[in-house]
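**Q** Sharing a sequence plus its predicted fold:
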Amino acid sequence: MDFYKRVEYVCKQIPRGRAATYGQIALLCGMPSHSRQVGYALNKKLTSPDIPAHRIVNHKGYLSGLASFTYPDTQESLLEKEGIPVTPEHTIDLKKYAWHHTLDDAIRFRSYFTTHNL
DNA sequence: TATATGACCTGAC
DNA sequence: CGTCAGGCCATAT
């Protein structure tokens, strides 16, 4: 069971123009109480560098990972480039831009993890 | 072995 | 809308 590989896989499935929360990622990884570890993984860059880390925000929509990007405005420009407006308080509107994954998504991920031994 | 840290979350009020 | 306590857990020191 490789939590960080799971995080990596799930993050790559977040659609363009949508954002997911740390808790949501943890849940889809089958570890609902590991939201902090999701942030830890991204901060320490324990996942492959080609994942859309800018689409991960906290449960309020706040860009809590701002400081970990190369430049302070990297995350914001990436989000706005795909159509997600960022407020001056570094927050996005989750009511409009949250990724609403389906139950099927969750089931698909689960079987992917088992068949790939993650 | 023990304590601190952190890109977190939820419920209660 | 806002605050607060409590829970969470892999890593780091």
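**A** Arrived safely, thanks for sending.

**Q** For the rest of this, base every contact and every neighbour count on C-alpha atoms.
**A** OK.

**Q** With A:Ser111 as the reference, measure out to A:Pro85.
**A** A:Pro85 sits 34 Å away from A:Ser111, going by Cα to Cα, to the nearest Å.

**Q** between the two, which one's more packed in?
**A** When neighbours are counted by other Cα atoms under 10 Å, A:Pro85 comes out ahead of the other of A:Pro85 and A:Ser111, with 17 against 12.

**Q** Name the nearest residue to that one, sequence neighbours excluded.
**A** Excluding the flanking residues, the one nearest A:Pro85 by Cα to Cα, 6 or more residues apart in numbering is A:Ile92, at 6.3 Å.

**Q** wait, isn't that neighbour in contact with A:Val86?
**A** Yes - under the criterion of Cα atoms under 8 Å, A:Ile92 makes contact with A:Val86 at 5.0 Å.

**Q** who in chain A is up against DNA strand B?
**A** For chain A, the residues in contact with DNA strand B (Cα under 7 Å from any atom of the strand) are A:21-24, A:35-40, A:42-43, A:45, A:53-54, A:56-60, A:63-66, A:68-69.

**Q** What number of residues are in the vicinity of A:Asp93?
**A** Using other Cα under 10 Å, A:Asp93 is surrounded by 15 other residues.

**Q** cool, and A:Ile107?
**A** Neighbours of A:Ile107 using other Cα under 10 Å come to 12.

**Q** How much space separates it from DNA strand C?
**A** 21 Å (Cα to the nearest atom of the strand, to the nearest Å).
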